[in-house]
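S.K.: Sequence plus the predicted model coming up.
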Protein chains: 4
Amino acid sequence: MHVTVWNEYRHELSEEKVRAVYPEGIHQQIASFIETPEISVGTATLDEAEHGLTTDVLAKTDVLIWWGHMAHDEVKDEIVERVYQRVLDGMGLIVLHSGHFSKIFRKLMGTSCDLKWREDGQHARIWNVNPAHPIADGISDCIELEQEEMYGEHFDIPAPDELVFVSWFPKGEVFRSGVTYHRGNGRIFYFQPGHETYPSYYNQEVQKVIQNAVRWCAPKNSRPRVYGHFQPLED
Amino acid sequence: MHVTVWNEYRHELSEEKVRAVYPEGIHQQIASFIETPEISVGTATLDEAEHGLTTDVLAKTDVLIWWGHMAHDEVKDEIVERVYQRVLDGMGLIVLHSGHFSKIFRKLMGTSCDLKWREDGQHARIWNVNPAHPIADGISDCIELEQEEMYGEHFDIPAPDELVFVSWFPKGEVFRSGVTYHRGNGRIFYFQPGHETYPSYYNQEVQKVIQNAVRWCAPKNSRPRVYGHFQPLED
Amino acid sequence: MHVTVWNEYRHELSEEKVRAVYPEGIHQQIASFIETPEISVGTATLDEAEHGLTTDVLAKTDVLIWWGHMAHDEVKDEIVERVYQRVLDGMGLIVLHSGHFSKIFRKLMGTSCDLKWREDGQHARIWNVNPAHPIADGISDCIELEQEEMYGEHFDIPAPDELVFVSWFPKGEVFRSGVTYHRGNGRIFYFQPGHETYPSYYNQEVQKVIQNAVRWCAPKNSRPRVYGHFQPLED
Amino acid sequence: MHVTVWNEYRHELSEEKVRAVYPEGIHQQIASFIETPEISVGTATLDEAEHGLTTDVLAKTDVLIWWGHMAHDEVKDEIVERVYQRVLDGMGLIVLHSGHFSKIFRKLMGTSCDLKWREDGQHARIWNVNPAHPIADGISDCIELEQEEMYGEHFDIPAPDELVFVSWFPKGEVFRSGVTYHRGNGRIFYFQPGHETYPSYYNQEVQKVIQNAVRWCAPKNSRPRVYGHFQPLED
């Protein structure tokens, strides 16, 4: 299996505070806990040619992980369309944190994907509301994060196929923070943690969730779909 | 439309603290805000004959509201079966608060319906996560309750047909507090507020939710279902 | 309540066979069975200015019904975007038959919306698999149509919020023919019948389904959503 | 992983016609295509002590497969309760064909599980409506069975968590023939094929579906759930 971790990779280059947390970039930290003998991992970033998402790269990618924030609008529509078609064809997609506002996530959802937010350095609790789900495999009742950006309801997404996690924030908000979708042959998981100034991707349970999600999103051996004009099966 | 409000009606008789909040019983308070020129309301309680749920009462009931807590086990299986059949036949059912552990709710859900709880007099926030749902009609982003018992995840229910509300509690918990189900021709809504020592059923938004739910649960003009051996439709 | 029936209105002008079935256009036939003392109905067509969907028309429309087929690509992106925003703001949308491939439906779904099809003049059966759903109110076990175009699975849509109807076609196919979705504050219903050369919109049960869907899709009294930076609710 | 295949095992002993298809019993045929180096398989039948489902057998069973038909009522309530608790604790359950009316399936569903049926020796088509689902892994657009009992809608089940297959029958019916549920920590799959006088369990795609379902239903490494009175997490 091959995973590509896409990162906007701007905060890390321009903000010391972010670089202090993710000196090699968020993508390298995520890659570090995804890679195994069975899973090869590549990375791609916004400022590479074609944002690093060439046709070749996408063709060999089984699961794409997406982190973006300040430059969603700089992602070219042509590349968004390319990723979109690959998802419909079966590539898994994991959208993290501020990626909720990425072009690709909004295109797949068909909604604004808007929410409430507050960057206040508070802690957070991620409650496991679907304990038998493969993405919650080995995850405890509640993941505690020392610091995370608040994301609050209403989260303007379609009703998830499956709700896996709901987050609690100390100043009064809740958030559907782990949700799954199918689009075409592609499987999608959105997961809330990962503000660029907090060390969420060093948390072992967050890592475990993303590792589980990679396996859950990986393409099945889907047989080609038949569409269009169709001959009768019966006489 | 005819609504029957069923209440265990034990706490109010034995505890001064509860009687202070609901002097006529929880059922009378609920009845008071359900009744309209179009909606007649009756009540029934555990210690009446057949728990007040005779075949005649149920036959004319369009929506049954259920509040129980300390005496779930005293509800006779025969009456539970009678209510169950009426739900499958199309009667709406609204289960409130500690009714999550009632025999009828567990029978309809097929799970333990267990949860975490703490009676600590804290406040609560009920977030509206499905703003276009009829049960959320006219409800704001967040209903604030000055006091409510904490109910926390994991709530051992089947994945709801629709998730309408998620509650936040100040000591760290979240809860899927407004959920819908279909069973047979019957529509079911579970709603968390209503601990017997707190005045939740005097809250106008809580009242509005239950009023909306009565309309949502009301039986449709379902045509009789055909089951069993079936003659071919085609030659 | 105000309903706008949008029709591409090309087949009827160019094909005698279609005009024979719908001499005033499909939109007029649909309008005729939607209008009641409580529901006013307007129509709009592709070749009107702004496709008849001006900002004013949409602003007063509670539910938009959409029929299109041969000219999906001629619908301007600007108008699609306008309709899309109104749906997210709460306008109901009923997409009929070949409208599955309309820009607006695909944008809201986030998938290709592709399917199998065959125009063979055969009959069809629409099975009611959700008898307690308001859209199935008063609908029998099975709606029989003397002629309908075959649409077959796989239908490339997201998992519906609710599956209401599944169709059977005599040459071997099935189709999820009545499905609901929420997007933002908007409620959406897709319904399969309505090929331009067959008289499906004269069928009384088809009419009843669309009448029911108009009520189901009608905007609720949704309170404004709050998004963006959010002040703490707790001290 | 350990799978237990439970079979009523009455038809095979009393009817020559059934024995001709399944000389060793339906359970042995199912066991034969489930067993692999990684999956050990045992069987259990109604007329064994405790129906073969002792506490020990269930304790070591990861996935239970259930086939029953003529003697649902002879399954003791005590054993049903034991299986039910194991499902809530995480054991997977695959219910086949006429098992729709088994006590255990009805208890987990909370509905009558009734349907239409006709034993007419006709063929059937099982359409794959969820091609990216793990249970549909490697399955083509449509599984064709030369003979299968007709099961028709309305199937009185709760809305499935996921709809994977919809069947077509030549005399006019459709059926949601592959559906998934979660109950507690347990994962459940119902699959329609398998009338005792037809050779459906020799069909390679039917076998593949059940093999996939075994993997899908297998317990995850669910951490123990915490229920009941709960200490505050916050100060």
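M.R.: Looks like it arrived, so ask away.

S.K.: Find the residue at the geometric middle of chain A.
M.R.: The C-alpha lying nearest the average C-alpha coordinate of chain A belongs to residue A:95 (C-alpha atoms, centre = their mean; 1.7 Å).

S.K.: which ones are touching it?
M.R.: Residue A:95 is in contact with A:66, A:102, A:104, A:105, A:188, A:189, A:190, A:191, counting by C-beta atoms under 8 Å, 6 or more residues apart in numbering or on different chains. All C-beta atoms are positioned from the backbone trio N, CA, C, and that covers glycine.

S.K.: Just flag the most distant two among the residues you listed.
M.R.: Farthest-apart pair in those is A:104 and A:191; separation 15.2 Å (C-beta to C-beta).

S.K.: Is the helix or strand of chain A with the lowest mean pLDDT in proximity to chain D?
M.R.: Of all the helices and strands that make up chain A, strand A:228-229 has the lowest average by mean pLDDT, DSSP states H and E, namely a mean of 94. No. If you take C-beta under 8 Å from any C-beta of the partner chain as the test, strand A:228-229 misses chain D, and the best it gets is 12.7 Å.

S.K.: Report all helices and strands that that strand contacts.
M.R.: Using 3 or more C-beta pairs under 8 Å, 6 or more residues apart in numbering or on different chains; DSSP states H and E as the contact test, the elements touching strand A:228-229 are strand C:116-118.

S.K.: Tell me the helices and strands packed up against the very next helix or strand once past the strand it packs on.
M.R.: The helix or strand immediately downstream of strand C:116-118 is strand C:124-128, counting by DSSP states H and E. When contacts are defined as 3+ C-beta pairs under 8 Å, 6+ apart, strand C:124-128 sits against strand C:142-145, strand C:162-168.

S.K.: I'd like to know which of those strands is closest to chain D.
M.R.: Closest of those to chain D is strand C:162-168, at 4.8 Å (criterion: C-beta to the nearest C-beta).

S.K.: chain center to the closest one, what's the gap?
M.R.: On the basis of C-alpha atoms, centre = their mean, to the nearest Å, strand C:162-168 sits 14 Å off its chain's mean C-alpha point.

S.K.: what lines up beside the helix or strand just after it in the sheet?
M.R.: Counting by DSSP H and E, the next helix or strand C-terminal to strand C:162-168 is strand C:174-183. Strand C:174-183 pairs in its sheet with strand C:162-168 (antiparallel), strand C:186-191 (antiparallel), by DSSP bridges.

S.K.: angle of strand C:174-183 against strand C:124-128?
M.R.: Orientation check (axes from the mean of the first three to the mean of the last three C-alpha atoms, to 10 degrees): strand C:174-183 against strand C:124-128 gives 50 degrees.

S.K.: Averaged pLDDT, strand C:174-183. What do you get?
M.R.: The average pLDDT within strand C:174-183 is 98.

S.K.: List the buried residues in it.
M.R.: C:174, C:175, C:176, C:177, C:178, C:179, C:180, C:181, C:182, C:183 (16 or more other C-beta atoms under 10 Å in any protein chain shown).

S.K.: elements contacting the strand or helix carrying residue A:87?
M.R.: Using DSSP H and E, residue A:87 falls within helix A:77-89. Helices and strands touching helix A:77-89, by 3+ C-beta pairs under 8 Å, 6+ apart, are helix A:55-60, strand A:63-67, helix A:103-109, strand A:186-191.
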